[in-house]
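K.L.:
Okay, here's the prediction I keep looking at, along with the sequence it came from:
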Amino acid sequence: MTPPNFTYNESAAGSVHLHLAVTVDFRSFRAGEAAVLPRYINRTMSTTVSTAIPAHISPLAQSGPAHFHPLDPLTPAEITLASDIVRRHVAENTPIKALKFVASFTVEPPKLDVLAFLGIPTAPGAAPAPKPAKLDRKAEVHYIGLVEGTAFTSTVLLSSPTSGSVLETTQLPEGTQPALTIEELVVAEEALRKHPEVVKLAREVGVDAHQLYADGWSIGYDDRFPSSLRVQQCLLYARFGPDDNQYAHPMDFFPVLNSNTYEVLAIDFAAHRTTPKGALSSSSTRPAALGEDGLKQSGRERIPPPLEPFDYLPDLMAQKKTGTGAGWKERDDLKPLNITQPEGVSFTMEGNQISWQKWKLHIGFHYREGIVLSTVTYNDDGNVRPVFYRMGLAEMVVPYGAPEYPHPRKFAFDVGEYGLGVLANELSLGCDCKGVIHYLPGAFVGHDGKPTIVKQAICIHEEDAGLLYKHADYRPGGRAVSVRSRKLVISQICTVANYEYAIYWNFYQDGNVELEIRLTGILNLYVLGQGEKPNGFGTEVAPRINAHYHQHLFSLRVDPMIDGVRNTIVETDVVPVEAPTGSAENFAGNAFTTRKTVLSTTAQGAREFDGHRIWSIVNENKLHYASGQPIGYKVMCKDMPPLLAKPDSWVATRAPFATKQLWVAPSKPDQLYPAGKYVPQTRSTPKDSILAFTAGNQSIRNEDIAAWFTFGVTHIPRPEDFPVMPVEHCRLMFKPAGFFDQNPALDVPSSADLRSQYAVSSASCCTPQSRI
């Protein structure tokens, strides 16, 4: 990578050209270095992140494909067009002299217009509304004026493949920042290697500048800096050889940078528990004031990084001769397991729209949410029934539990501060996805306004899902039925610095819809002093390597349309009856029942989870023919931990969604993100957060509603999670509850796999025999 190069040029006409140029040859990156940018491997990216603003729109190389669906993500050509339209608008109508682009995405048309366009009914038994003559194609573009440091958002009408106009531009208030970008994180690392004070501090503990590696994070909460600055914190590590796992060598200081100029604003040092009784070396967990000697305030000496290698790449593990893991060799007793579909897949694609086993839905790619599923319907014996309008990961927060500063700043919003689409991997056939695979691409804007394309961003395939149902009549001569289940899997994998999130949407033949998130990658690690112990806030996963306790709390936004857009949430608690054992009502003492509460207002709609609580999304306008209950879907999830930070903590203030496991509000197109639309550097609860969505006593019964479910894991790391973590699972499932008359999978054929065979050459005593 070339170092960042800043230049100012003033033309004869007086216009200013500010350039921040960086060239990155990602093919020269070693595997671990490129981990934060896996999709760029085998590519060269050369970009000027702020260019002179042109006076005209450049011609497009291609017009892009026709749109099959009004919610299709922007094509690469549309991203380029939108950028050019914004450049021209800015040049002609604003004093901004140079800019960098941050985000560009589809503005979704109104829900009822989309449903009418697609012929989806909005109420039980109703015919679809008349199809609108047309739906405007619009883009929203976020960008920053580099000279002024101000941020803007523009709405762009894409009136044709080569033309359009800016409909509206808004300057964001001071202190409001759009998401951090990949380019900002990459350039920050190189800038630190050239900063004299950072280099000096690294050398004091035996690390040369070229061995210094930085994971850029949003600043979290830090009111020491002016709110007008765009700021990131850097977590530092050392790499002592090619492809060495740098996370095994954490450093003991934290630079803070301006993300526009890459100026180092501060260098923080954490207090340690190096005293004999494990007390902090500092008298307080507060941050040092700017200008104060941070190391002196921490009350401890410098701590060099651990030197022992702990690698996860096979060739490097084989080289280790002493210490933990020495003598490693790869297992040689694993036989091939192949997945084949000789007749091809059972799904069909039309653009981004898929049809499979009576399901039909649209698969979107969003720079922020990653996979977005929409207009989900089920063909119930010829009756096309709407189920969900829109489903996406609206936010997540990862709070850490160590109280000594600056560790409390570590509570990343990996959706709102970075973007799951921006961080999506280029998926590998046969490894990330195995079987017969269809891929969808994703695209997002770079600083220069050009699209970055992830060719294989979303993986679509089928998997065997075990038994769907089985029963054997045990009586003599009784018959049996055994039917295997299959699921459609729609997935992506995102790398967020050290961590990976593998996101799987699973659709089943019995009407179930499941979101599964698998957490893997490398723990966030920090250095321990000689003889120091984590003392209740982390796990020493290897000598002098501390993995702090933390949580991963996801917010799934669901816009339901269970047989229509007017839905209700019902809460069901499973409870023992109050009548005592020996009473007339409960003589044996075994009785338990359900207690149902209809959530009628937003004040009622903020709920906490306990182990026996179930929420259902129902349509009260349609009753099941036998039970007499409203048709619906229930939410099944055991992974709903409470936020462990204090109610008035920085985390709870900025991420209010994490304080409850369910929130319900009227569905509104501008109310998607429960921690606010612009998340980086917020210092108070945003005015457009979930608290604003649910304020007052708005009606949510038999209304067009949206629900936000908070789920995730509390991670107390184990040594077995190091040096790379086996996947940790968390799941949330939507299960039909009275939606169908009976089991909807009775028509799935019972078929034996003729390729299955005995594992040994002849039958043995363990070979199954007839019971009768």
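P.N.:
Nice, thanks for sending it over.

K.L.:
then the host helix or strand of Lys596 to PDB, C-alphas only?
P.N.:
Using DSSP states H and E, Lys596 sits in strand 592-599. These are the backbone C-alpha positions of strand 592-599, laid out as PDB (Å, rounded to 0.1, in the frame of the first residue of the first chain):
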ATOM      1  CA  PHE A 592     -50.600 -25.700  33.700                       C
ATOM      2  CA  THR A 593     -52.100 -23.400  31.100                       C
ATOM      3  CA  THR A 594     -51.500 -20.300  29.000                       C
ATOM      4  CA  ARG A 595     -52.200 -16.700  29.700                       C
ATOM      5  CA  LYS A 596     -52.600 -14.500  26.700                       C
ATOM      6  CA  THR A 597     -52.100 -10.700  26.400                       C
ATOM      7  CA  VAL A 598     -53.000  -8.800  23.300                       C
ATOM      8  CA  LEU A 599     -50.500  -5.900  22.800                       C
END
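
K.L.:
burial measure for Thr275, as a count.
P.N.:
13 (other CB atoms under 10 Å). The C-beta positions use only the backbone N, C-alpha and C, and glycine is treated the same way.

K.L.:
Can you tell me, leaving aside adjacent residues, what's nearest to it?
P.N.:
The spatially closest residue to Thr275, leaving aside those adjacent along the chain, is Ser281, at 6.5 Å (CB to CB, 6 or more residues apart in numbering).

K.L.:
one step back: show me what the helix or strand that the strand holding Lys596 is followed by pairs with in its sheet, parallel or antiparallel.
P.N.:
Next in sequence after strand 592-599, counting helices and strands by DSSP H and E, comes strand 613-623. Strands that pair with strand 613-623, judged by DSSP bridges, come out as strand 568-576 (antiparallel), strand 630-636 (antiparallel).

K.L.:
And the strand holding Lys596, what does it pack against?
P.N.:
Using 3 or more CB pairs under 8 Å, 6 or more residues apart in numbering; DSSP states H and E as the contact criterion, the elements in contact with strand 592-599 are strand 568-576.

K.L.:
which one's the longest helix in this protein?
P.N.:
Determined from DSSP state H, the single longest helix within the chain is helix 76-93.

K.L.:
which helices and strands does the helix or strand following that helix pack with?
P.N.:
The first helix or strand that comes after helix 76-93 along the chain, using DSSP H and E, is strand 98-107. For strand 98-107, the contact count by 3+ CB pairs under 8 Å, 6+ apart identifies strand 16-25, helix 76-93, strand 138-145, strand 438-445 as packing neighbours.

K.L.:
What strands line up against strand 98-107, and which way round?
P.N.:
Note on strand 98-107: by DSSP bridges, its sheet partners are strand 51-52 (antiparallel), strand 138-145 (antiparallel).

K.L.:
on that earlier part again, for Pro749, which of the helices and strands packed on strand 98-107 is the nearest?
P.N.:
Nearest of the helices and strands packed on strand 98-107 to Pro749, taken as CB to CB: strand 438-445 at 23.3 Å.

K.L.:
What helices and strands are in contact with whichever helix or strand comes after the closest one?
P.N.:
Scanning forward in sequence from strand 438-445 by DSSP H and E, the next helix or strand is strand 451-472. Of the remaining helices and strands, those touching strand 451-472 by 3+ CB pairs under 8 Å, 6+ apart are helix 76-93, strand 359-366, strand 438-445, strand 480-496.

K.L.:
could those go into a markdown table alongside mean neighbour count and mean pLDDT?
P.N.:
Listed next are the helices and strands packed on strand 451-472 as a markdown table, based on neighbours: other CB atoms under 10 Å; pLDDT from 0 to 100:
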| stretch | mean neighbour count | mean pLDDT |
| --- | --- | --- |
| helix 76-93 | 21 | 97 |
| strand 359-366 | 23 | 98 |
| strand 438-445 | 22 | 98 |
| strand 480-496 | 19 | 97 |
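
K.L.:
Any chance of a markdown table for those, columns distance to Ser649?
P.N.:
Converted to a markdown table, the helices and strands packed on strand 451-472 look like this (distance: least, CB to CB, whole Å):
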| stretch | distance to Ser649 |
| --- | --- |
| helix 76-93 | 38 |
| strand 359-366 | 29 |
| strand 438-445 | 32 |
| strand 480-496 | 22 |
